[in-house]
Each structure stands twice: as C-alpha cells, then as structure tokens.
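J.: pasting the sequence and the predicted model now:
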Amino acid sequence: PLPPIPFKFIGLVEGAGGTKIAVLSDSKGLVVHGTEGAIIDGRYRILSIGPDSIDLAYADGRGRQTMRLSGQ
C-alpha cells in the first residue's frame, strides 16, 4: 500500500471569479496551495476542493485520500 499523503488541509481561499484555492501544511511547517488539478510538492494532485474537505491523490492517480478541513 502507498503511504498516506503527508499534508493537512488547513484553509480555503476564494480567488478571482470564485476560484477555490486549498491551503495545505505538512508536518515540517511547509505551506503549499493550489487549485483543482494542481500538482503540489511535485508528487500530489488536488482532485477536488469542497467547502470542508479536499480530495488528493498521488500525481499518477493512485492513493486517493479525502482530507477534512482541520484549521491547523
């Protein structure tokens, strides 16, 4: 099995035209952000962004995970 994706979903920002931007953090304090379809950390793709959760997977489509908004 694939290791879990090491990010937490910590925030949601609405950009111009209502574009949703997910804000994520890893255990080392690295903060990254992206829109649906974006590749983050060179390894993971944001599949969808909802008001209180996001779906992520490895860039090759394996290992889909849903993360709830933690605010941390």
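T.: Nice, I can see it. Residues are numbered from 1 along each chain as shown.

J.: quick one, what contacts Ala22?
T.: By Cβ atoms under 8 Å, 6 or more residues apart in numbering, the contact set of Ala22 is 9, 11-12, 33-35, 46, 49, 54. No exception for glycine: its C-beta is placed from N, CA and C like everyone else's.

J.: out of these, the closest to Ser70 would be?
T.: Taking Cβ to Cβ as the measure, Ser70 sits nearest to Phe9 out of these, at 6.2 Å.

J.: give me the secondary structure label for that closest one.
T.: When classified by DSSP: H, G, I helix; E, B strand; the rest coil, Phe9 comes out as strand.

J.: distance of it from Ala16?
T.: Remark: distance between Phe9 and Ala16 (Cβ to Cβ, to the nearest Å) = 22 Å.

J.: out of the two, which sits in the more crowded spot?
T.: Between Phe9 and Ala16, Phe9 has the larger neighbour count (other Cβ atoms under 10 Å), namely 23 against 5.

J.: for the record, mean pLDDT for stretch 20-33?
T.: Per-residue pLDDT values across stretch 20-33 average out to 94.

J.: and it, end to end?
T.: End-to-end span of stretch 20-33 (Cα to Cα, to the nearest Å): 10 Å.

J.: now it: buried residues?
T.: Using 16 or more other Cβ atoms under 10 Å as the burial criterion, the residues of stretch 20-33 that qualify are 20-25, 33.

J.: of the residues you listed, which belong to strands?
T.: Those of the buried residues of stretch 20-33 mapping onto strands are 20-25, 33, per DSSP state E.

J.: quick one: which two of the buried residues of stretch 20-33 are the most distant?
T.: Largest separation among these by Cβ to Cβ: Lys20 and Ser25, giving 17.2 Å.

J.: contacts only, for the residue lying closest to Gly63 once chain neighbours are set aside.
T.: Counting by Cβ to Cβ, 6 or more residues apart in numbering, Gly63 lies nearest to Leu2, which is 4.0 Å off, once chain neighbours are set aside. With contact set as Cβ under 8 Å, 6+ apart, Leu2 has these partners: 58, 62-63.
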